[in-house]
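Student: sequence? don't have it. structure:
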């Protein structure tokens, strides 16, 4: 544990600094009272050199003033606000966990997906509860505050390791009691999660937040982004609410769920849900029809499984914090409350980039994710060496042949497998468990097997060119039935040995079950067959980076950027992280500038760029 001398900050003891961004710093702290009383808190402070800049101070004050009204279990709680010497601070509840965005990224990385019942019928209803409370809140005189969050998205939904769900960052929220008018043409919030009226710079109301929840609902249900593309394209799509209907993107979901998504994403606010409570009620009705019953312990179990290492480090940090005392430290005067101010967009706190797959236990407002992407430049000796390595691999390798021997080719065996699943679920019910709904699970499983069986029966390699449908069915099997996915993909690879997409999916499968050598072999085979398959190049690069072979990862990433995928800004950001780890700060800075040039809305790149410039 790094050494940190505790600082007495009025009535707070600052135990250690969690993060320092370009605008503020965040501390883990505690209040120590009489008779052994202690309370852990998070302290957010404006950096001293910004304390005399009105726009930052007013934004900070407005966030605290608005948050003081918000007292709800699904909204992060603000305890205190004040001024200490030349700095302003906010004291808030300490949260051990990560954002929903981080959960989604880690789930994809680890091959442990956030299952639909948990995301759609537990997390989102709690988000709606917190939103409905904020939307309907009144001040002490009984006047409606008309609070609008304006930045609902996975980056502002916090999931604790104990399964709590919290809305965070009301820093750009609008309330009628404050001077927070959004003028026509001005934009505040994340473009990918904006309502059409918000993206167009028009006047908004609470129904704009509900559209943002609808985007989350769509993306969690389909596994696809509602909008994709560079910034100007995103702006045009969001302004017109142009997207593929959920039922066209992912088949087999409950009809009622499609109806809920359609209503939440209505372009005209009058056709949408009029309150978050109404949206929550429909989600709960849908859950009831599917016999889905979930609780905090289900989410906590998933979080502990997904973030074992992070949770362990957090517990260690808390034990260390508990041992720290404030004796002998410099005391600062008690805080005083500052005056009012008008609304400005509040900054977020970027955390220092970690090693891939290693997130620090996050506090409130600390958002960090390396992301899962790819990267950029021209052909190189390393690239040619990898091509030679791919072409020299014996195919199929020994493990492939032995694995193919286990393929289930008999329909009776498939039926027996499904029967065993039903029996297992029935036994779970008898033991008091809460299983997923049977019909949806079995139909989805059968649909995937039937689709892949139809390709094999048709003996038509062209059927594998429908990448979206293949991705949909194979991804489901990889997530839910990895062994069956292995068997089906191996059978197809033997039947169609020249289809690169099959080896790409075999690579995904092996990576998801932590079989990195086999994953690399399959990605190399996919690249040998199709040198333009940037997804295989990307994943292979990430595997090299994960194993510490950065010099092999970077040339592959350069090739991906040459292909200009839609996520090129994320690729450049990841390259910047790797070069920064190598100590090549100038190169890292150049790549960050390119990332921001491609997508000015890439907040991670913007924040890291600002931090590097500040420290130069």
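Tutor: Sure, I can see it. Owing to the predicted nature of the structure, the values given are computational and were not obtained by experimental measurement.
Student: List of residues touching stretch 278-290?
Tutor: 117, 120-121, 124-125, 128-129, 132, 210, 213-214, 254, 256-257, 260, 263-264, 273, 293-294, 437, 440 (CB atoms under 8 Å, 6 or more residues apart in numbering). In this view, the C-beta of every residue, glycine as well, is placed from N, C-alpha and C.
Student: Show only the entries of those found in helices.
Tutor: Using DSSP state H to define helices, the subset of those located there is 117, 124-125, 128-129, 132, 210, 213-214, 256-257, 260, 263-264, 440.
Student: gap between stretch 218-235 and the chain center?
Tutor: Put simply, stretch 218-235 sits 14 Å off its chain's centre (CA atoms, centre = their mean, to the nearest Å).
Student: Check which residues of that stretch are buried.
Tutor: In terms of neighbour count (16 or more other CB atoms under 10 Å), stretch 218-235 has its buried residues at 218, 219, 220, 221, 222, 223, 224, 225, 226, 227, 234, 235.
Student: What mean pLDDT does stretch 609-616 get?
Tutor: Stretch 609-616 shows an average pLDDT of 78 in the prediction.
Student: Equivalent analysis for stretch 280-293, please.
Tutor: Here the average pLDDT along stretch 280-293 is 92.
Student: got the buried residues for it?
Tutor: Neighbour-count burial for stretch 280-293 flags 280, 282, 283, 286, 287, 290, 292 (criterion: 16+ other CB under 10 Å).
Student: Quick check: what element follows the helix or strand hosting the first one along the chain?
Tutor: If I follow you right, that is residue 280. Following DSSP states H and E, one finds residue 280 within helix 276-289. Using DSSP H and E, the helix or strand that follows helix 276-289 in sequence is helix 296-306.
Student: What's the separation between the residue nearest the centre of the chain and residue 37?
Tutor: What sits nearest the mean C-alpha location of the chain, by CA atoms, centre = their mean, is residue 101, with 1.5 Å. Distance of residue 101 to residue 37, given as CB to CB, to the nearest Å: 36 Å.
Student: swap in residue 31?
Tutor: Here the criterion is CB to CB. By it, residue 31 lies 8 Å from residue 37.
Student: Doesn't residue 28 belong to a strand?
Tutor: Yes: judged by DSSP: H, G, I helix; E, B strand; the rest coil, residue 28 forms part of a strand.
Student: Can you give me the neighbour number for it?
Tutor: Residues contacting residue 28 under the criterion other CB atoms under 10 Å number 23.
Student: what's the closest non-adjacent residue to it?
Tutor: Using CB to CB, 6 or more residues apart in numbering and skipping the chain neighbours, the partner closest in space to residue 28 is residue 15 (4.9 Å).
Student: and the one you found, that one's in a strand?
Tutor: Yes: according to three-state DSSP, residue 15 belongs to a strand.
Student: from what I can see it touches residue 27, true?
Tutor: Yes: counting by CB atoms under 8 Å, residue 27 is a contact partner of residue 15 at 7.2 Å.
Student: Work out for me the element residue 73 sits within.
Tutor: Using DSSP H and E, residue 73 sits within no helix or strand.
Student: What backbone torsions are found at it?
Tutor: Phi and psi for residue 73, reported as degrees, to the nearest 10, are phi -60, psi -20.
Student: Quick one: residues contacting it.
Tutor: Shown in contact with residue 73 (CB under 8 Å, 6+ apart): 130, 164.
Student: tilt between the helix holding residue 280 and helix 255-264?
Tutor: Between helix 276-289 and helix 255-264, the angle comes out at 170 degrees (axes from the mean of the first three to the mean of the last three CA atoms, to 10 degrees).
Student: returning to that earlier point: ok, the residue nearest to residue 28 to residue 8 distance?
Tutor: Separation of residue 15 from residue 8 (CB to CB): 11 Å.
Student: Next, format the buried residues of stretch 280-293 as CSV and append distance to residue 604.
Tutor: Below are those laid out as CSV (distance: CB to CB, whole Å):
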residue, distance to residue 604
280, 31
282, 34
283, 30
286, 34
287, 34
290, 36
292, 34
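Student: Pull the most distant pair out of those.
Tutor: Farthest-apart pair in the buried residues of stretch 280-293 is 280 and 290; separation 15.9 Å (CB to CB).
Student: Excluding chain neighbours, give the residue nearest to residue 479 in space.
Tutor: residue 113 (4.6 Å).
Student: Report pLDDT for that neighbour.
Tutor: In this model, residue 113 is scored at 86, pLDDT.
Student: Between residue 31 and residue 37, tell me which one has more neighbours.
Tutor: Taking other CB under 10 Å, residue 31 and residue 37 do not tie; residue 31 has more neighbours (16 against 9).
Student: pretty sure that one is touching residue 43, no?
Tutor: No: counting by CB under 8 Å, residue 31 stays clear of residue 43, with 10.3 Å between them.
Student: Which neighbours do those two have in common?
Tutor: With CB under 8 Å, 6+ apart as the test, residue 31 and residue 43 both reach residue 12.
Student: I'd like the average pLDDT over stretch 194-205.
Tutor: 89.
Student: Now the terminal residues of that stretch, how far apart.
Tutor: In stretch 194-205, first residue to last residue: 12 Å (CA to CA, to the nearest Å).
Student: swap in stretch 260-280?
Tutor: 10 Å.
Student: buried set for it?
Tutor: Buried, per 16+ other CB under 10 Å, within stretch 260-280: 260-266, 269, 272-273, 275-276, 278-280.
Student: No further questions, thank you.
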